[in-house]
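> Following is a predicted model, sequence given first.
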Amino acid sequence: MSSAPIRSIKGFDADLKCRGMQFEVGRTYKHEGDVEACVGGFHAIPEDIHPLAVFSFYRPAGSRFCVVEVSGKTDRESDKIAAEILTVHREIGLGDLAQEAVDWVMARAKHEGPVAVEDNGLATASGYQGAATASGDQGAATASGYQGAATASGT
């Protein structure tokens, strides 16, 4: 399948190599041959997958990470994409990667229920666990599921 460019995160070894191939920031590469996830093509973590999934393939210490764009023929499997064309846009450090993860979560977060303001603290959880901590004049927590906990200090 051919695709429009997809922003992704790619891991490399300490020399900016992947599977023996040397990469450079600012360059575009084209894979010759079949494009199939886990078999052939340039692999990366696409933008719809949590950026820290890259740690499944490259450990934080000793690895380097880049924001890349993949395009051309693509194939997906689980949390990765294989692509025919890869452009290495910029290298990012662990702090940048952490910010990518925060941005990814925040872009998908949905407001549900009441919001804590000023001297009030609120929390609601359904599922297996819920917890809340508040300091100030009021604190409240509600949990439905197996566990719930609340702590408040103040009036």
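Thanks, I have the structure now.
> For Arg27, give me the pLDDT.
On pLDDT, Arg27 comes in at 98.
> residue ranges of the helices in this structure, please?
In the chain, the segments counted as helices under DSSP state H are 94-108.
> Quickly note the distance from His50 to Ala98.
The gap separating His50 from Ala98 is 12 Å, by C-beta to C-beta, to the nearest Å. No exception for glycine: its C-beta is placed from N, CA and C like everyone else's.
> what does Val35 give?
Distance, Val35 to Ala98, by C-beta to C-beta: 30 Å.
> which one of those two has more residues nearby?
Using other C-beta atoms under 10 Å, the more surrounded residue of Val35 and Ala98 is Val35, with 21 against 14.
> ok, the more buried one to His50 distance?
23 Å.
> since we're on Arg27, how many residues are nearby?
10.
> Over to Val102?
By other C-beta under 10 Å, neighbour count at Val102 equals 10.
> okay, now Val88: neighbour count?
20.
> you'd agree it is up against Gly26?
Yes - if you go by C-beta atoms under 8 Å, Val88 and Gly26 touch, sitting 6.7 Å apart.
> Let me know the pLDDT of His111.
81.
> And the residue lying closest to Leu97 once chain neighbours are set aside, how close does it get to Phe42?
Excluding the flanking residues, the one nearest Leu97 by C-beta to C-beta, 6 or more residues apart in numbering is Phe65, at 5.5 Å. Distance, Phe65 to Phe42, using C-beta to C-beta: 15 Å.
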